[in-house]
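Colleague: got a sequence here, can you build the structure:
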Amino acid sequence: MTPRLSVEVPEHLQSTICPWLAAKEAAHTARVTRDPRFQDHALLDLLSLIRKTRSVLFQTWAARVVTTSLPPNSEIIRHSLLKNEHFRALCETMATVLDDGGRAVETAVSQVLPQLSHVVKVSVKAVAAASSSCVLDVQRRLSLQLCEAVETSRRKTPP
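Modeller: Numbers count the residues shown, from 1 in each chain. Sure, this is the predicted structure:
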């Protein structure tokens, strides 16, 4: 999972998109409580998808805002869904999480690369050796073709 998806989006911010979602979920629960035959898995799946999608929308925009340099007059920043204190707080949290994630990746790479350095060095030497042997083979064949062409040319030319 990417670090941005681990940031919890506040319910107040989520409810700005599809504010009717909680009411629909409550209505479904009430119907099922009265009669279990009204259980609607497709509806529950749809409502769950909407809930997750709106979280991902805010997580993605927060990550984009903190990782890119958007001009202050950018339309997206001035949009009412993103121009509020809850979104700014989400952006601050996102910046911290992404910074921590970047440090974790940097640490992991620094630990793995020294172990791989010998393997990489041997691989580079092997590729270089293979390339040079191909070059030598091509040079040898060209040399033979050139010698053959010269010999053919001498035979055709009268003395």
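
Colleague: pLDDT on the strand or helix carrying residue 52, on average?
Modeller: For residue 52, the host element (DSSP states H and E) is helix 41-67. Confidence for helix 41-67, expressed as mean pLDDT, is 91.

Colleague: now do stretch 10-26
Modeller: Stretch 10-26 comes out at a mean pLDDT of 93.

Colleague: buried set for that stretch?
Modeller: 13, 14, 21, 25 (16 or more other C-beta atoms under 10 Å). Just so you know, the C-beta spots here come from the backbone N, C-alpha and C atoms, and that holds for glycine as well.

Colleague: can you redo the residues you listed as JSON lines with distance to residue 74 and secondary structure?
Modeller: Formatted as JSON lines, those follow (distance: C-beta to C-beta, whole Å; DSSP: H, G, I helix; E, B strand; the rest coil):
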{"residue": "13", "distance to residue 74": "19", "secondary structure": "helix"}
{"residue": "14", "distance to residue 74": "23", "secondary structure": "helix"}
{"residue": "21", "distance to residue 74": "28", "secondary structure": "helix"}
{"residue": "25", "distance to residue 74": "34", "secondary structure": "helix"}
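
Colleague: for residue 74, give me its contacts.
Modeller: Residues counted as contacts of residue 74 (C-beta atoms under 8 Å, 6 or more residues apart in numbering): none.

Colleague: how many residues are close by the residue nearest to residue 93 when sequence neighbours are not counted?
Modeller: Distances taken as C-beta to C-beta, 6 or more residues apart in numbering place residue 7 nearest to residue 93, at 5.5 Å, with adjacent residues excluded. Counted by other C-beta atoms under 10 Å, the residues lying close to residue 7 total 19.

Colleague: same check on residue 36?
Modeller: Residue 36: 8 neighbours (other C-beta under 10 Å).

Colleague: go on, the one 4 residues further on?
Modeller: Counted by other C-beta under 10 Å, the residues lying close to residue 40 total 12.

Colleague: check whether it really touches residue 28, as I assumed.
Modeller: Yes - assessed by C-beta atoms under 8 Å, residue 40 is found in contact with residue 28 at 6.5 Å.
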